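*Asks:* Please find the sequence and the predicted model below.
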Amino acid sequence: MLRNRRLVNLGCALVCAGLMAYAVGYAQMVQHLEPCPLCIFQRVGVMALGVIFLAAAIQHPRRAGAVVYAVLIALAALATMGVATRHLYIQSQPPGSIPACGAPFNVLMQMFSIWEAIRKVLHAGGECAQVDKVLGLAMPAWVLIWAALLGGVGVFVNVRADGARGGLRMAARP
């Protein structure tokens, strides 16, 4: 099923492109849902995953290179999952317990260093507490699910035995 690492990496890149098409093309442009700062960070994570998958598909490295891509995929997926988890936590708080909306991210970037702006976004204000559901789940829950699936598939396919195509051999010891 997952014999061709290049096709799986390309497929995962296309899934990331599809997720971004939904987020920007449909949710934002058609439904007029403006993304909060944490949504934007999740989009960056999904785009990073897509770029890594695409690079892995194009380069299609052997052994050590495939493991490097597996590590990059794992890091991008874990970071995306972390932001999505934080967003879900903020959305689960009782009404009124989240501080009022803060400054937009572009204003934070003008006022603070990049790290301070990111820290302020991760402490999110009221704009990140709004829950928009798709098929019964909040959008960050979907991002969490997709990042976990894509990360798991990406790590597995880039580290597993791949015979002549150059993957690492994960044979059991006798």
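*Replies:* Ah, there it is.
*Asks:* Tell me which residues of the helix or strand where Val71 lies come out buried.
*Replies:* According to DSSP states H and E, Val71 maps onto helix 63-91. Neighbour-count burial for helix 63-91, with 16 or more other C-beta atoms under 10 Å as criterion, is recorded at 66, 69-70, 72-74, 76-77, 79-84, 86-88, 90-91. All C-beta atoms are positioned from the backbone trio N, CA, C, and that covers glycine.
*Asks:* Give me the angle between the one helix or strand Leu38 maps to and helix 63-91.
*Replies:* Per DSSP H and E, Leu38 falls inside helix 37-59. Orientation check (axes from the mean of the first three to the mean of the last three C-alpha atoms, to 10 degrees): helix 37-59 against helix 63-91 gives 160 degrees.
*Asks:* Show me how far helix 37-59 is from its chain's centre.
*Replies:* Centroid displacement of helix 37-59 relative to its chain, using C-alpha atoms, centre = their mean, to the nearest Å, is 6 Å.
*Asks:* Next: stretch 47-66.
*Replies:* The chain centre lies 15 Å from the centre of stretch 47-66; the measure is C-alpha atoms, centre = their mean.
*Asks:* what's the answer for stretch 61-80, then?
*Replies:* 13 Å.
*Asks:* Other residues contacting that stretch?
*Replies:* By C-beta atoms under 8 Å, 6 or more residues apart in numbering, the surrounding residues in contact with stretch 61-80 are 5, 9, 42, 45-46, 48-49, 52-53, 55-56, 59, 143, 147-148, 150-152, 154-155, 158-159, 162, 165-168.
*Asks:* these two touch, right, Ala13 and Ala57?
*Replies:* Yes: counting by C-beta atoms under 8 Å, Ala57 is a contact partner of Ala13 at 6.1 Å.
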